[in-house]
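Chemist: Quick one, what's the 3D model for this:
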Amino acid sequence: MLHRHVKAACVGAAAAAALVLTSLQGAASAQQAGTAPGAAARTAADTLTVSAAQPELLRAMQRDLGLTRAQAERRLVNEAEAGATAAVLRQRLGAAFAGAWVEGADSGTLTVATTRAADAAAIRAGGAEARLVTHTLAELDRTKAALDRAAARNSSTDVPVWYVDVRANAVVVRAVEKSAAQTLIGASGAERDRIRVVPTEEQPRPLYDIRGGDAYYMGGGGRCSVGFAVTRGTTQGFATAGHCGRAGTTTSGYNQVAQGTFQASTFPGRDTAWVATNSNWTSTPYVKGQGGQNIQVTGSVQQPVGASICRSGSTTGWHCGTISQHNTSVTYPEGTITGVTRTTVCAEPGDSGGSYISGSQAQGVTSGGSGDCRSGGTTFHQPINPLLQGYGLTLKTTTGPGEPGEPGEPGEPGGTWAAGTVYQAGAQATYGGATYRCLQGHQAQAGWEPPNVPALWQRV
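Modeler: As a prediction, the model looks like this:
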């Protein structure tokens with residue numbers, strides 16, 4: 001009997017909801033996107049398949065975020081549109097861009113920050129609120145990178161977390177001991193006026209345990225949670241956390257049946273891994289919802305700060321929260337992990353490796369955190385797109401309601417764009433004789449050709 005694997009994560013979200021953010025419609029006109037005359041440009045909500053979300057996610061959002069059903073539905077649509085609008089404005093602002101985030105119960109307010117006062121009118125015209133700040137996002141990223149380099153030489157659990165906080169326009173360093181934070185900052189050589197030190201009692205740790213349960217088990221002992229289904233050529237498998245196993249570690253499934261082997265693993269530094277499964281296990285484009293329902297995964301577009309996000313794992317099932325910061329570093333007892341996303345979602349030991357999903361868009365695999373799902377806590381996930389790119393993997397997604405699909409080939413017009421490629425924001429590709437700039441990081445798939453998805457590509 002064949003078994004299905006990779007049923008992890010939260011749940012999808014549904015909704016035919018009224019749009020609050022409408023600026024994308026102008027920014028993504030048929031002319032700009034290169035859509036054929038007379039063809040209607042797809043909205044960001046269409047591209048991200050918000051309608052594929054299912055009632056279980058809406059109920060989880062209502063429970064964990066204190067929303068009504070209508071607010072949850074509107075929030076998913078607004079977050080899709082906000083991400084696309086922010087991406088267009090980022091291109092327009094260039095070096096002055098200082099970050100973007102959503103706020104409000106239904107994420108109805110998008111704020112875009114800039115260091116150039118003259119940009120305020122363009123931001124408001126684009127449908128967002130403008131915030132004038134001192135430091136650009138590029139400056140903050142460089143400051144955080146300096147802290148990362150210093151921590152690589154001498155990390156300390158007394159400085160467990162630091163990240164770029166676009167809302168505060170600073171790099172926030174959370175420290176158990178202030179003196180330890182000052183030591184790290186001094187060793188980094190970073191400009192102190194960009195850094196804010198905040199006291200914390202957090203003690204993040206990788207979220208695995210050795211008590212057993214379901215999900216998947218490592219051959220040397222311990223339990224983790226399956227992330228997203230992937231393929232590499234004809235090989236089936238799944239993405240998970242690197243701290244769960246090393247290359248060569250064998251796994252068995254939730255039912256203790258032999259499953260596969262870790263092909264590659266990175267930890268610390270990053271927290272990524274992938275497992276190739278044997279022929280008895282088949283990758284499916286779903287995550288596990290409440291009661292074992294199949295919840296669709298339709299893509300991997302990273303959502304903005306403030307957006308809703310849900311997580312599921314083998315210990316605590318699924319819970320929801322919001323994205324606090326991207327570009328976060330966290331120090332575990334084993335070492336420092338960089339480039340993760342910090343969230344308000346709770347998790348517990350055994351949830352590691354499980355998937356984070358926003359609407360139907362894969363976001364990442366659970367790395368670690370602090371607290372629990374009784375008193376609340378903070379968790380970190382390893383973004384999925386760098387994981388896919390690093391190991392040459394293709395995310396398994398659906399091409400229609402309930403239907404699994406394989407990545408397609410570039411369409412007839414040709415060019416450098418190719419399904420299966422991970423594109424970062426700012427990357428360029430050609431298609432149909434035109435050049436396009438990527439607006440939001442994602443793994444390309446059939447149906448997401450640049451002229452068809454103005455939320456993801458801008459014609460240049």
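Chemist: Quick one: classify residue 239 as helix, strand or coil.
Modeler: Residue 239 carries the three-state label strand when classified by DSSP: H, G, I helix; E, B strand; the rest coil.
Chemist: Quick check: it vs residue 337, distance?
Modeler: Counting by C-beta to C-beta, to the nearest Å, the gap between residue 239 and residue 337 amounts to 16 Å. (Glycine included, C-beta is placed from N, CA and C.)
Chemist: Next, count neighbours for residue 257.
Modeler: Look at residue 257: counted by other C-beta atoms under 10 Å, it has 13 neighbours.
Chemist: pLDDT wise, what is it at?
Modeler: Residue 257 is assigned 84 on the pLDDT scale.
Chemist: ok, it touching residue 280?
Modeler: Yes: because the distance of 7.1 Å satisfies C-beta atoms under 8 Å, residue 257 is recorded as touching residue 280.
Chemist: Report the residue spans of the stretch 1-150 of the chain with pLDDT below the cut-off.
Modeler: In the predicted model, the stretch 1-150 of the chain carries pLDDT under 70 at residues 1-41.
Chemist: and if we set it to 90?
Modeler: Applying pLDDT under 90 to the predicted model, the residue ranges of the stretch 1-150 of the chain that meet it are 1-42, 49, 51-60.
Chemist: mind listing the strands for it?
Modeler: For the stretch 1-150 of the chain, strands defined by DSSP state E, counting those that start in this stretch occupy the ranges 3-5, 97-103, 109-114, 129-132.
Chemist: Out of the ones you listed, flag the one nearest residue 143.
Modeler: Residue 143 sits nearest to strand 97-103 of all the strands of the stretch 1-150 of the chain, at 12.9 Å, using C-beta to C-beta.
Chemist: in that closest one, what's buried?
Modeler: Buried residues in strand 97-103, defined by neighbour count with 16 or more other C-beta atoms under 10 Å: 97-103.
Chemist: From those residues, pick the one nearest residue 168.
Modeler: Of all these, residue 99 has the smallest distance to residue 168: 9.7 Å, by C-beta to C-beta.
Chemist: and the residue nearest to residue 153 when sequence neighbours are not counted, helix, strand or coil?
Modeler: Counting by C-beta to C-beta, 6 or more residues apart in numbering, the nearest residue to residue 153 once its immediate chain neighbours are dropped is residue 187, at 7.1 Å. The three-state assignment at residue 187 reads helix, by three-state DSSP.
Chemist: which residues in the stretch 1-150 of the chain form helices?
Modeler: Per DSSP state H, counting those that start in this stretch, the stretch 1-150 of the chain has helices spanning 23-27, 30-33, 44-47, 55-65, 69-93, 120-125, 137-153. These are given in chain order.
Chemist: Just list what the helix or strand hosting residue 321 packs against, helices and strands only.
Modeler: With elements delineated by DSSP states H and E, residue 321 resides in strand 317-332, which encompasses its position. Under the contact criterion of 3 or more C-beta pairs under 8 Å, 6 or more residues apart in numbering; DSSP states H and E, the helices and strands touching strand 317-332 comprise helix 55-65, helix 137-153, strand 161-165, strand 308-313, strand 335-343, strand 361-372, strand 376-383.
Chemist: how does it look with 6 Å?
Modeler: Contact partners of strand 317-332 among helices and strands, from 3 or more C-beta pairs under 6 Å, 6 or more residues apart in numbering; DSSP states H and E: helix 55-65, strand 161-165, strand 308-313, strand 335-343.
Chemist: Straight-line length of stretch 189-197, end to end?
Modeler: Distance between the boundary residues of stretch 189-197 (C-alpha to C-alpha, to the nearest Å) amounts to 15 Å.
Chemist: for the buried residues of strand 97-103, which one is nearest residue 368?
Modeler: Closest to residue 368 out of those is residue 101 (23.7 Å), distances taken as C-beta to C-beta.
Chemist: wait, isn't the closest one in contact with residue 306?
Modeler: Yes: with contact taken as C-beta atoms under 6 Å, residue 101 and residue 306 are classed as touching, separated by 4.4 Å.
Chemist: Might you report the residue contacts of the residue nearest the centre of the chain?
Modeler: Centroid-nearest residue in the chain, with C-alpha atoms, centre = their mean: residue 363, separated by 2.7 Å. Residues touching residue 363, when contacts are defined by C-beta atoms under 6 Å, 6 or more residues apart in numbering, comprise 309, 356.
Chemist: looking at the helices of the stretch 1-150 of the chain, which is closest to residue 387?
Modeler: Nearest to residue 387 among the helices of the stretch 1-150 of the chain is helix 137-153; the distance by C-beta to C-beta comes to 18.3 Å.
Chemist: buried stuff in that closest one?
Modeler: Of the residues in helix 137-153, those with enough neighbours to count as buried (16+ other C-beta under 10 Å) are 137, 139-140, 143-148, 150-151.
Chemist: Then stretch 416-436?
Modeler: 417, 419-423, 429, 431-432, 434-436.
Chemist: From the residues you listed, pick the one nearest residue 220.
Modeler: Compare each of the buried residues of stretch 416-436 with residue 220 using C-beta to C-beta and the shortest gap goes to residue 422, at 31.0 Å.
Chemist: residues near the residue nearest to residue 132 when sequence neighbours are not counted, how many?
Modeler: Beyond its immediate neighbours in the sequence, the residue positioned closest to residue 132 (C-beta to C-beta, 6+ apart) is residue 117, lying 5.6 Å away. Residue neighbour count, defined by other C-beta under 10 Å, stands at 10 for residue 117.
Chemist: do you know how far residue 117 is from residue 85?
Modeler: For residue 117, the distance to residue 85 (C-beta to C-beta) stands at 21 Å.
Chemist: Same check on residue 126?
Modeler: Between residue 126 and residue 85 the distance is 6 Å, computed by C-beta to C-beta.
Chemist: any idea how far residue 131 is from residue 108?
Modeler: Here residue 108 is placed at a distance of 16 Å from residue 131 (C-beta to C-beta).
Chemist: Secondary structure element holding residue 179?
Modeler: Going by DSSP H and E, residue 179 is in helix 178-188.
Chemist: List the contacts of that helix.
Modeler: With contact meaning C-beta under 6 Å, 6+ apart, helix 178-188 is reached by 146-147, 150, 156, 158-159, 173, 175, 195, 197.
Chemist: Compare those residues and tell me which is most surrounded.
Modeler: Counting neighbours by other C-beta under 10 Å, the top entry in the contacts of helix 178-188 is residue 159, with 29 neighbours.
Chemist: thinking it is in contact with residue 175, fair?
Modeler: Yes: between residue 159 and residue 175 a contact is recorded at 4.9 Å, counting by C-beta under 6 Å.
Chemist: Secondary structure and distance to residue 316 for the buried residues of stretch 416-436 - can I get that in CSV?
Modeler: Below are those laid out as CSV (DSSP: H, G, I helix; E, B strand; the rest coil; distance: C-beta to C-beta, whole Å):
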residue, secondary structure, distance to residue 316
417, coil, 40
419, coil, 35
420, coil, 33
421, coil, 34
422, strand, 30
423, strand, 33
429, strand, 40
431, strand, 43
432, coil, 47
434, strand, 47
435, strand, 46
436, strand, 41
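Chemist: wait, which of the buried residues of strand 97-103 is closest to residue 49?
Modeler: Within the buried residues of strand 97-103, the smallest distance to residue 49 is 19.1 Å, found for residue 102 (C-beta to C-beta).
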